[in-house]
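Enquirer: task: produce atomic coordinates for the following.
(chains A, B, C and D)
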There are 2 protein chains.
Amino acid sequence: MATVSRTLQQPELVSPKTRAKVTRAIEQLNYKPNLMAVKFRSGKTHNIVVLVPTVANVFFARVIRGMQEAAAAEGYSLLLVNTMGDSATEQNYARMIHTSQADGVVQLRAFNPFSDNDADDQGLLPMVNACEILDTPQCPTVSLDNRLAAAAMTEHLVELGHQHIAMIKGPASSPLTRERMLGFKDALQAAGLKYCEELMFDGDFTLQSGYDAADRILSQSHPVSAIFCENDEMALGAISRLKAAGLRIAEDISVSGFDNIAFAKFSDPPLTTIAQPAEEFGETAINLLIDVLKGKAKRAVKVILPYQLIIRNSTGPAPAQPVRL
Amino acid sequence: MATVSRTLQQPELVSPKTRAKVTRAIEQLNYKPNLMAVKFRSGKTHNIVVLVPTVANVFFARVIRGMQEAAAAEGYSLLLVNTMGDSATEQNYARMIHTSQADGVVQLRAFNPFSDNDADDQGLLPMVNACEILDTPQCPTVSLDNRLAAAAMTEHLVELGHQHIAMIKGPASSPLTRERMLGFKDALQAAGLKYCEELMFDGDFTLQSGYDAADRILSQSHPVSAIFCENDEMALGAISRLKAAGLRIAEDISVSGFDNIAFAKFSDPPLTTIAQPAEEFGETAINLLIDVLKGKAKRAVKVILPYQLIIRNSTGPAPAQPVRL
DNA sequence: ACAATAAATGTTATCGGTTACATTATTCAC
DNA sequence: GTGAATAATGTAACCGATAACATTTATTGT
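Expert: Coordinates of the predicted model:
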């Protein structure tokens, strides 16, 4: 038995002829090692639980792809969970750490799925928080400087002459929303423009919510010459509604997105947006987590990935006179 | 030890006072059962490997969501694998069945990841093939009648008066492509129109490939008044290119898709397409697989889910005279 | 050729639950 | 109150790979 194990794990310790014999036997008996036994014995599952708010989101799909590849390279498997942003579900699955079904967790939402008494004094929680991160994370994080990126986008709009910029936000509970709003305000202030609460509209990152928000924008009374959407899906939804109202995108009203999903390039007009290195988010998150699992990670690693302003044709110079909505 | 196990598994066999004592001890010691040990002992992992060609595909994202929910309801976890359509990767992960790391496989591509000698004589392979299915599957399948659906779409175009219909296909290796092509031909023949090989263009289900195919359509000499795309992404890519050439969608040239992804409704114009019950695909696949795992499935279950023709505004009456491309 | 050493192989305990079986405690009938 | 039946609890083997340790076999030096 031990010889078989050695033949597979450290062949150099086994004489060539025994090795050959064992190899032949393995072949004949069609022997397959029971890796559950290995995992059980070693206490390492090489599984990583990934908490995804919605796998149906194009951006997350890219992040997942990045995680997948990094995990595969290190011999880890991903247990993907579509949480729908439900905290109970997240806590439920995070519990797989305690029941030895997984070694670590990647959380893509700003919520700590571990209860306080889980806090492991002698070490880090085996968790990495990516994309949307907690304000006071207990674990390594991977994020974008959303505030700076939002400011950059706003500056772009301001430079085009826009003075009345509406914003379609994500859920108020999301730190992403707050960060991007702050960046938006920063840039307005820097440009000497006043921030107007009435021009902030709620959305939930879906196409439909962008459409609905644009609908509300059209039926209110403030002038608007540009709309800053907090993601591409909402921007595309908004564009759909604005076009239905007979408005020309860029000429009459500018619309910007955030994420640079594949559809952004092929929409009409192509969408001005902020590109995020989605795959790199996933890759970095997994590698950080593996570092944590190996015990060689500092408590407060905070990776900030670069954004890129991508100017396409959905934004243009502000019209001399804001169009009547 | 056994008493603890009984308290958790069959409390009715344990006297109330012992039960209380055990429960208290579990509480105090913060005892968490090692489920790896359970899985190892029982030989059941309650893991399901899901082979996804691309998680970044919006349609698959919906399928995954359906699987996720069905699996969770039955206490199974999904091991998601982004295979990029690579057979070696698929075989690799399918091997997790043999190494007792997973109980079954859901394959979303027309490829059998098991080698022939894996064929388990006394039972079914623990696999279900969904969405894109094998011609001669060894396992239960969940599919759409792609041929009928494609014919329905083609009929729609024919009824609008289109006589010169191009098709942007998926990869030739995919049965989906063949099925949809057959349906296309069926409908042409039924309408007394001739099938023209030169109007078949290759794509790979991505936005870019739709764009590129449309580019090729524009630079060839046959008249074309409608384009049947084998999925929505390619249709949206094609529309992008056609618009760039100054063509009006529906008026000058009709474009249809397949899948009814979320973006189809919000594109300009909204896309005429075939709706597939994506979540139901996933749900059905998982439930079939669990039946197989429980040994209560017939060998040749073939579930065919309904499609729905969704007519929006990307298709319109054929122009009296095909526009010069 | 015979130690002394190194290399190869064999043996056994172990991980943490579950299950079959053995033992002890309780209940009930007469 | 005793014995038979049942209920409750304890004991030990087991799943399969591995690692520590024990033993056997091969190699080297003198």
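Enquirer: only C-alpha atoms for contact and neighbour calcs from this point on.
Expert: Will do.
Enquirer: what about the residue nearest to residue A:234 when sequence neighbours are not counted, which helix or strand?
Expert: Sequence neighbours aside, residue A:210 is the residue nearest to residue A:234 in space, at 3.8 Å (criterion: Cα to Cα, 6 or more residues apart in numbering or on different chains). In this structure, residue A:210 sits in helix A:207-218 according to DSSP states H and E.
Enquirer: now that helix: average pLDDT?
Expert: Helix A:207-218 shows a mean pLDDT of 97 in the predicted model.
Enquirer: then stretch A:132-139?
Expert: For stretch A:132-139, the per-residue pLDDT averages 90.
Enquirer: what residues sit buried inside that stretch?
Expert: A:132-134, A:137-139 (16 or more other Cα atoms under 10 Å in any protein chain shown).
Enquirer: cool, stretch A:302-319 as well?
Expert: By neighbour count on 16+ other Cα under 10 Å, the buried set for stretch A:302-319 is A:302-303, A:305, A:307, A:309-319.
Enquirer: who are the packing partners of the helix or strand following the helix holding residue A:210?
Expert: Counting by DSSP H and E, the next helix or strand C-terminal to helix A:207-218 is strand A:226-229. Other elements packing on strand A:226-229 under the criterion 3 or more Cα pairs under 8 Å, 6 or more residues apart in numbering or on different chains; DSSP states H and E are strand A:165-169, strand A:254-256.
Enquirer: would you list the ones you listed in CSV and tack on distance to chain B and mean neighbour count?
Expert: Formatted as CSV, the helices and strands packed on strand A:226-229 follow (distance: least, Cα to the nearest Cα, whole Å; neighbours: other Cα atoms under 10 Å in any protein chain shown):
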stretch, distance to chain B, mean neighbour count
strand A:165-169, 17, 26
strand A:254-256, 15, 30
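Enquirer: strands of chain A, residue ranges please.
Expert: Under the criterion DSSP state E, chain A contains strands at A:47-52, A:77-82, A:104-107, A:127-130, A:141-144, A:165-169, A:200-202, A:226-229, A:254-256, A:273-275, A:302-305, A:308-310.
Enquirer: name every strand pairing with the fifth one and say which way it goes.
Expert: For strand A:141-144, sheet partners with direction are given as strand A:127-130 (parallel), strand A:302-305 (parallel), following DSSP bridges.
Enquirer: equivalent analysis for the first one, please.
Expert: Strand A:47-52 has its sheet partners listed here by DSSP bridges as strand A:77-82 (parallel), strand A:104-107 (parallel).
Enquirer: and those strands, which one averages the lowest pLDDT?
Expert: Among those, strand A:77-82 scores lowest, at a mean of 90.
Enquirer: tell me the contacts of the closest residue to residue A:301 other than its chain neighbours?
Expert: Once flanking residues are discounted, residue A:301 sits nearest to residue A:140: 4.7 Å by Cα to Cα, 6+ apart. Going by Cα atoms under 8 Å, 6 or more residues apart in numbering or on different chains, residue A:140 touches A:127-129, A:288, A:299-303.
Enquirer: return the member of the residues you listed nearest to residue B:230.
Expert: Set against residue B:230, the nearest of these by Cα to Cα is residue A:129 (38.1 Å).
Enquirer: residue contacts, that closest one?
Expert: Residue A:129 makes contact with A:106-110, A:137, A:139-142, A:285 under the criterion Cα under 8 Å, 6+ apart.
Enquirer: next, count neighbours for residue A:170.
Expert: Counted by other Cα atoms under 10 Å in any protein chain shown, the residues lying close to residue A:170 total 25.
Enquirer: didn't it look like it was pressed against residue A:200?
Expert: No: contact criterion Cα atoms under 8 Å: residue A:170 and residue A:200 do not qualify, at 10.4 Å.
Enquirer: mind pulling up the pLDDT for the residue lying closest to residue A:179 once chain neighbours are set aside?
Expert: Excluding its sequence neighbours, the residue lying closest to residue A:179 (Cα to Cα, 6+ apart) is residue A:147, at 4.8 Å. Here, the pLDDT recorded for residue A:147 equals 96.
Enquirer: can you pull the contacts of the residue nearest the centre of chain A?
Expert: Compute the mean C-alpha point of chain A, and by Cα atoms, centre = their mean the closest residue is residue A:131, 3.8 Å away. By Cα under 8 Å, 6+ apart, the contact set of residue A:131 is A:108-109, A:142-144, A:281.
Enquirer: pLDDT, distance to residue B:40 and neighbour count added to those residues, as TSV?
Expert: Output for the contacts of residue A:131, formatted as TSV (pLDDT from 0 to 100; distance: Cα to Cα, whole Å; neighbours: other Cα atoms under 10 Å in any protein chain shown):
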residue	pLDDT	distance to residue B:40	neighbour count
A:108	96	30	26
A:109	94	32	23
A:142	97	35	24
A:143	96	38	20
A:144	96	41	21
A:281	97	34	27
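Enquirer: closest to chain B among those?
Expert: residue A:281 (14.7 Å; Cα to the nearest Cα).
Enquirer: tell me the spacing between that closest one and residue A:290.
Expert: 14 Å (Cα to Cα, to the nearest Å).
Enquirer: do the same with residue A:144
Expert: In this view, residue A:144 and residue A:290 are 21 Å apart by Cα to Cα.
Enquirer: ok, residue A:168 next?
Expert: Relative to residue A:290, and taking Cα to Cα, residue A:168 is found at 37 Å.
Enquirer: what's the mean pLDDT across stretch A:49-62?
Expert: Mean pLDDT, computed over stretch A:49-62, is 89.
Enquirer: that one: which residues count as buried?
Expert: Neighbour-count burial for stretch A:49-62, counted by 16+ other Cα under 10 Å, picks out A:49-62.
Enquirer: out of those residues, which are inside helices?
Expert: Using DSSP state H, the members of the buried residues of stretch A:49-62 that fall within helices are A:58-62.
Enquirer: so can I have CSV of those residues showing distance to residue A:72?
Expert: Shown next, in CSV, are those (distance: Cα to Cα, whole Å):
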residue, distance to residue A:72
A:58, 21
A:59, 20
A:60, 18
A:61, 16
A:62, 16
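Enquirer: residue A:215: what's it in contact with?
Expert: A:238, A:241-242.
Enquirer: is it true that residue A:75 touches residue A:46?
Expert: Yes: applying Cα under 8 Å, one finds residue A:75 in contact with residue A:46, separated by 7.0 Å.
Enquirer: between the two, which is the more surrounded one?
Expert: residue A:46 (18 against 10).
Enquirer: chain neighbours aside, what residue packs nearest to that one?
Expert: Closest to residue A:46 by Cα to Cα, 6+ apart is residue A:76, at 4.8 Å.
Enquirer: separation between that neighbour and residue A:43?
Expert: Distance of residue A:76 to residue A:43, computed by Cα to Cα: 14 Å.
Enquirer: residue A:12 - how many residues pack around it?
Expert: Using other Cα under 10 Å, residue A:12 is surrounded by 11 other residues.
Enquirer: and the pLDDT at it?
Expert: Here, the pLDDT recorded for residue A:12 equals 84.
Enquirer: does stretch A:282-297 reach chain B?
Expert: No: Stretch A:282-297 is not in contact with chain B by Cα under 8 Å from any Cα of the partner chain; minimum separation 13.1 Å.
Enquirer: just to revisit the earlier point, got TSV for the buried residues of stretch A:132-139, with distance to residue B:259 too?
Expert: Putting the buried residues of stretch A:132-139 into TSV (distance: Cα to Cα, whole Å) gives the following:
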residue	distance to residue B:259
A:132	30
A:133	34
A:134	36
A:137	40
A:138	42
A:139	40
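Enquirer: got JSON lines for these, with distance to DNA strand D too?
Expert: Formatted as JSON lines, the buried residues of stretch A:132-139 follow (distance: Cα to the nearest atom of the strand, whole Å):
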{"residue": "A:132", "distance to DNA strand D": "38"}
{"residue": "A:133", "distance to DNA strand D": "37"}
{"residue": "A:134", "distance to DNA strand D": "37"}
{"residue": "A:137", "distance to DNA strand D": "34"}
{"residue": "A:138", "distance to DNA strand D": "31"}
{"residue": "A:139", "distance to DNA strand D": "29"}
